[in-house]
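**Q** pasting the structure only:
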């Protein structure tokens, strides 16, 4: 396992305008100044956090999906973020994990934000995914999932933890940013893993304000990166040596409680 380079793109979004957002993010991706392993885009990065699923949803393997495949191939990096997908008669807030070779995986947001009635418009996911880059095991989740630590718990098998980096993509409003900052740190500490969160900035079509605070935290909860409310493109290198050394000195997973999640 080598050190891992993660690029966070904190940006405003064009409301319900996929073409404008894809063009904007393509420009921002080409502004990345160094080789990277993972490019992270926000939740619903091509529309903003809208409940108008019927108007903006895409079928799989159409415009946004193909754009992600193109960006991953051209940058030789994994590209991830969520957008609204229609599958049969259901709508999903679906994170796509697009690899440079064109293979991919998906994670459907489990916890739907009922305060915006997301649960009335979307179907929730049932399975976590663990992906791998350069020997790093990565667990990608979406926004409101951050508030539910059982779902993201880093279980161990024979003392070996399930993932090394916990990743959240979000549209997390400014009014609750203290919770965002606090819970990202908590998820890193309790899971003995790096934790990264990528949020948007600006106002959406519902006049909800977002102030970023995209950040990366190490397993001790120390801040490696924290961006305030401006647009930013930042590549952070996270250390294999630090992670390994800390886990050897502080193997708290050996004392963890066992449990099962019911669906």
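**A** That came in fine, so what should we check first? All values derive from a computational prediction rather than experimental measurement. Numbers count the residues shown, from 1 in each chain.

**Q** any idea where the helices of the stretch 101-250 of the chain begin and end?
**A** 118-121, 149-152, 177-191, 240-249 (DSSP state H, counting those that start in this stretch).

**Q** could the ones you listed be laid out in CSV, adding distance to residue 163 and mean neighbour count?
**A** For glycine as for every other residue, the C-beta is placed from the backbone atoms N, C-alpha and C. Formatted as CSV, those follow (distance: least, CB to CB, whole Å; neighbours: other CB atoms under 10 Å):
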stretch, distance to residue 163, mean neighbour count
helix 118-121, 25, 15
helix 149-152, 9, 14
helix 177-191, 8, 19
helix 240-249, 11, 13
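
**Q** so where's the stretch 1-150 of the chain shaky on pLDDT?
**A** Within the stretch 1-150 of the chain, the segments meeting pLDDT under 70 span 1.

**Q** Would you mind giving the helices of the stretch 101-250 of the chain as CSV with distance to residue 206 added?
**A** Shown next, in CSV, are these (distance: least, CB to CB, whole Å):
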stretch, distance to residue 206
helix 118-121, 13
helix 149-152, 26
helix 177-191, 17
helix 240-249, 39
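
**Q** wait, residue 106 sits on residue 87?
**A** No - with contact defined as CB atoms under 8 Å, residue 106 does not reach residue 87; the gap is 9.9 Å.

**Q** From residue 34, how far off is residue 77?
**A** According to CB to CB, to the nearest Å, residue 77 and residue 34 sit 11 Å apart.

**Q** now residue 107
**A** Distance from residue 107 to residue 34, by CB to CB: 27 Å.

**Q** These two: who's more crowded?
**A** residue 107 (25 against 8; other CB atoms under 10 Å).

**Q** Quick check: closest non-adjacent residue to that one.
**A** Spatial nearest neighbour of residue 107, excluding adjacent residues (CB to CB, 6 or more residues apart in numbering): residue 95 at 4.4 Å.

**Q** and the one you found, how many neighbours does it have?
**A** 26.

**Q** ok now do it, which residues does it touch?
**A** Residues counted as contacts of residue 95 (CB atoms under 8 Å, 6 or more residues apart in numbering) are 80, 81, 82, 106, 107, 108, 109, 140, 141, 142, 169.

**Q** Tell me what it is bridged to.
**A** On the basis of DSSP bridges, residue 95 is bridged to residue 82, residue 107.

**Q** With residue 194 instead?
**A** Bridge pairing for residue 194 - DSSP bridges - gives residue 165.

**Q** Kindly provide the distance from residue 163 to residue 26.
**A** Distance from residue 163 to residue 26, by CB to CB: 29 Å.

**Q** the more surrounded of those two?
**A** Neighbours were counted for residue 163 and for residue 26 using other CB under 10 Å; residue 163 has more, 23 against 13.

**Q** ok, now which ones touch that one?
**A** Residue 163 neighbours (CB under 8 Å, 6+ apart): 130, 137, 138, 139, 154, 191, 193.

**Q** Mind pulling the model confidence for it?
**A** For residue 163, the pLDDT comes out at 98.

**Q** list the buried ones in stretch 226-236?
**A** By neighbour count on 16 or more other CB atoms under 10 Å, the buried set for stretch 226-236 is 227, 229, 232, 233, 235, 236.

**Q** Reformat the contacts of residue 163 as JSON lines; add distance to residue 72.
**A** JSON lines is the format used below for those (distance: CB to CB, whole Å):
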{"residue": "130", "distance to residue 72": "19"}
{"residue": "137", "distance to residue 72": "19"}
{"residue": "138", "distance to residue 72": "15"}
{"residue": "139", "distance to residue 72": "19"}
{"residue": "154", "distance to residue 72": "26"}
{"residue": "191", "distance to residue 72": "27"}
{"residue": "193", "distance to residue 72": "24"}
